[in-house]
Structure formats: structure tokens, C-alpha cells
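S.K.: dropping a prediction and its sequence here:
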Amino acid sequence: MRPAWGPVFAVLAGLIVTAMVAAGVTLAILHVQSPTNPQQVNLRPGVTLIQDSAIVQAAAKGRPAVVSVVTQHQPTVVRGSGYLATSDGYIVTSISVVAGANGLTVLVPGDSTSHAARLVDYDCQTGVAVVKIDKVSGLPTLVFADPTALVQGQVIVAVGGPVEGGAVTPGYVSAMHRVLSARDPVNLGHTLQFSDAIQTNVPIDDGTSGGPLLNVNSQVIGISMVSPSEPAGFGLNVADVQDDVQQIVSTGQVVVASLGATTSDITPESAALGGLPEGAQLLALDKGGPASAAGLQSGDVVTQIDDVKLDSAHPLSLLLRSRFHASQRVTVTYTRGGSSTQAELTLTGRHPTC
């Protein structure tokens, strides 16, 4: 027996239509467009799929685990997507979908009941958020792809939740390690920067934002994000968010290793233009924090921690999550006035702040 979606969608439709009319916004529905010259996708030796078939199969397998996240921002209603990371209701999305909401409602494919959700934790430095719906079990889930297997040019599929009709946006990875500037959902008028974003060749709309970017095996390679300024789509890289999600699900919060300083990543382009080395520039130091105690100053550029060099593929925020931990003693290499110096310090731990 098919679930009775009528009452749920009637309520949501009324909320969304009212909000859109008030804002003068036109809702656009995404359609899958087949390329005129289908390409072949090699999954592994001896297995080959036509690109169209791979996209259809990836979307069909992933769609049951992709949810809609409807948020109330008085007087408007905003919709986005997310995906189930656990069968008991932990949902991964982006901070742009949930920040500032007065209430969260989740719709699960095949379930006629709308679920009240609560924000568990988030990370403004990576852009990921985890919400939870209760009194559920046995739900379909998606898993992370191997972050080292992500390559430029590979086929990807963005999938939206049921409010979007399970919209499918196929494309490919057009660039990697991009700097994504996004509106800060907490501090209005400010922007956030994510230094290791995936760029896609097709735009992501608001309703699909927060949902998964899948590879042809229906594994999550990123979290969809809307670009406020470029005619392209972006994704939060699984390499950056995986540790956050695992921490939140296991402990309920994110704690990451820290130098005790506010930093800004220097991209290869910025390094070439500004005559600085690639790395992370210290903008402000915590009084009595590890970096300050070790003699580092505002303006210094950290270029290496232990034997790991900082670059666009290994930004500081990612390394502090994936390679190091609080209370660990490390050697920091930094430049000041054109000279390179090393200092030893003990990393502290803290919750990432916007």
C-alpha cells in the first residue's frame, strides 16, 4: 500500500507557496538531461556501464536515503536536502540549510509522516551539520566514498529530497580544491570560506543544497552547496567533513585540534599574487594559546606541521581534523619576513566557531 503523502504535502505546499509568493520567488524543478553523446564509465576491470545507465542506477540507489529538510525562518519557509548517515535517524546536511531556523521538519522518502528534527552539532569551518530525527529505525543509509579516489572529471550525481521530487542533477567534477565563498548563516553580512571545495559543471539549486553528491556507486563524495556568485555548483569535500560527522554521531559534538589562532588559507593564486608562501596565515592569536606561547605572531604563515606541507589539497583545517589531535606535540614551520622558522607547541582542542 502506498503511503498517504497527500496531507503532508498539502501542509508543506501551503507553507512553501505562501513563503514564495511573499518573496516573489519562482520555484524551478530540475530535470535530468541526457547528453547527446553518452560516454562509458569504467567501474572496475571487466565492468563497464554507459554513462546514462550509471547515473540512473546511482540516483535510484541513493534516492531512498535522501531526505528533505524544511526549516522555518519567520515569516518564510526554506527547503533543502540531506541524507541519512545512520538507520536510526542521523542526517547529514550543510549549515546553510539549518542555520537560524526556528524549527526543523524532515520528510523521509516513502514515509507519510513528517518528523520534527533537532540540530545535534555543526562545523562552520567545514560547512557540515548533523540533525537527528527520533523514534525511527531500519532506514536506508548512504556511506562515504574513499576521499583519495576523487578525481577531476569523474561523473557525479546530486540528488534532492522528496519535496524536490527526488530531483537528479548529473554532472562531473570540473575542479577540485576550490575556495568557496558562502553567506555566513549565523553572522548576517559576513561570508565563510571553505578552502577545499569540489566544483561541479552544473549549478545546484536551493532545494538540492545540503543533499549528497554521489559517485556512480552511490557513495557520498560531497555535500551539495549553492554558489552565491558563480554559475556552477559546489560540494563540501568528504575528506573535510567525514571526521566531523563521525564525531558528532559518536559523541554529539565536534572538537578539533587547534593552534589557538584564527587563520586564513593562502591559495596558490593568492600566494603567487601576494608574494607569500602557500599555507595558512595567522590573523589573530588567542592570548596564552599554543601559537602565542610558542612565539608565533599575527601575519606569520604556517607552511608545514611536522612532515606535512600545507597546500590546496591539505589545508590547515583538514589536517587538524584528519592527521592531528588535541594535546599532541607538533613542530610548526612558518615564515615571517621571508625567513622560515620552526617552533614546537602542543595543540589544544576546541569547538569550531563561525
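M.R.: Okay, I see it. Residues are numbered from 1 along each chain as shown.

S.K.: got the end-to-end distance for stretch 174-190?
M.R.: Length of stretch 174-190, first residue to last, C-alpha to C-alpha, to the nearest Å: 27 Å.

S.K.: what is the mean pLDDT for it?
M.R.: Averaging pLDDT along stretch 174-190 yields 74.

S.K.: make 14 the first number, not 1, from now on.
M.R.: Sure, I'll start counting at 14 from here, so that last one is stretch 187-203.

S.K.: what's the nearest residue to residue 336 if we skip its chain neighbours?
M.R.: In this structure, residue 336 finds its nearest non-sequential neighbour in residue 321, 6.2 Å apart by C-beta to C-beta, 6 or more residues apart in numbering. Where C-beta positions appear, they are placed from N, C-alpha and C, glycine not excepted.

S.K.: report how many residues lie close to the one you found.
M.R.: 13 (other C-beta atoms under 10 Å).

S.K.: kindly report the same for residue 297.
M.R.: Number of residues near residue 297 (other C-beta under 10 Å) recorded here: 11.

S.K.: same check, this time on residue 252
M.R.: 24.

S.K.: ditto for residue 215
M.R.: Residue 215, neighbours per other C-beta under 10 Å, totals 16.

S.K.: tell me how far the residue nearest to it when sequence neighbours are not counted lies from residue 168.
M.R.: Of all residues not flanking residue 215 in the chain, residue 184 sits nearest, at 4.1 Å (C-beta to C-beta, 6+ apart). Distance of residue 184 to residue 168, computed by C-beta to C-beta, to the nearest Å: 8 Å.

S.K.: what's the answer for residue 285, then?
M.R.: Applying C-beta to C-beta, the value for residue 285 to residue 168 is 32 Å.

S.K.: where do the strands sit along the stretch 214-363 of the chain?
M.R.: Secondary structure of the stretch 214-363 of the chain by DSSP state E, counting those that start in this stretch: the strands cover 225-227, 233-239, 246-250, 269-271, 274-279, 292-298, 314-318, 321-322, 342-349, 352-359, 361-363.

S.K.: switch those strands over to CSV; also include mean pLDDT and distance to residue 155.
M.R.: CSV is the format used below for the strands of the stretch 214-363 of the chain (pLDDT from 0 to 100; distance: least, C-beta to C-beta, whole Å):
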stretch, mean pLDDT, distance to residue 155
strand 225-227, 97, 6
strand 233-239, 93, 5
strand 246-250, 92, 14
strand 269-271, 93, 24
strand 274-279, 90, 29
strand 292-298, 95, 31
strand 314-318, 96, 32
strand 321-322, 94, 30
strand 342-349, 97, 34
strand 352-359, 96, 37
strand 361-363, 93, 29
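
S.K.: could you point out which of the ones you listed sits nearest residue 173?
M.R.: Using C-beta to C-beta as the measure, strand 233-239 is the one of the strands of the stretch 214-363 of the chain that comes nearest residue 173, at 8.3 Å.

S.K.: just checking, what packs against the closest one?
M.R.: The contact analysis (3 or more C-beta pairs under 8 Å, 6 or more residues apart in numbering; DSSP states H and E) places strand 233-239 against strand 103-107, strand 168-172, strand 181-196, strand 204-213, strand 225-227, strand 246-250, helix 251-264.

S.K.: tell me what angle that strand forms with helix 251-264.
M.R.: Interaxial angle of strand 233-239 relative to helix 251-264 (axes from the mean of the first three to the mean of the last three C-alpha atoms, to 10 degrees): 100 degrees.

S.K.: chain center to strand 233-239, what's the gap?
M.R.: How far strand 233-239 lies from its chain's middle: 5 Å, per C-alpha atoms, centre = their mean, to the nearest Å.

S.K.: now that strand and strand 246-250, what's the angle there?
M.R.: Here the directions of strand 233-239 and strand 246-250 differ by 130 degrees (the same axes, to 10 degrees).

S.K.: tell me the contacts of residue 189?
M.R.: Applying C-beta atoms under 8 Å, 6 or more residues apart in numbering to residue 189 gives the contacts 163, 165, 211-212, 250, 326.

S.K.: now these: which count as buried?
M.R.: Of the members of those, the ones counted as buried by neighbours, 16 or more other C-beta atoms under 10 Å, are 163, 211-212, 250.

S.K.: more crowded one of residue 285 and residue 168?
M.R.: Set residue 285 next to residue 168 and count neighbours by other C-beta under 10 Å: residue 168 wins out with 18 against 11.
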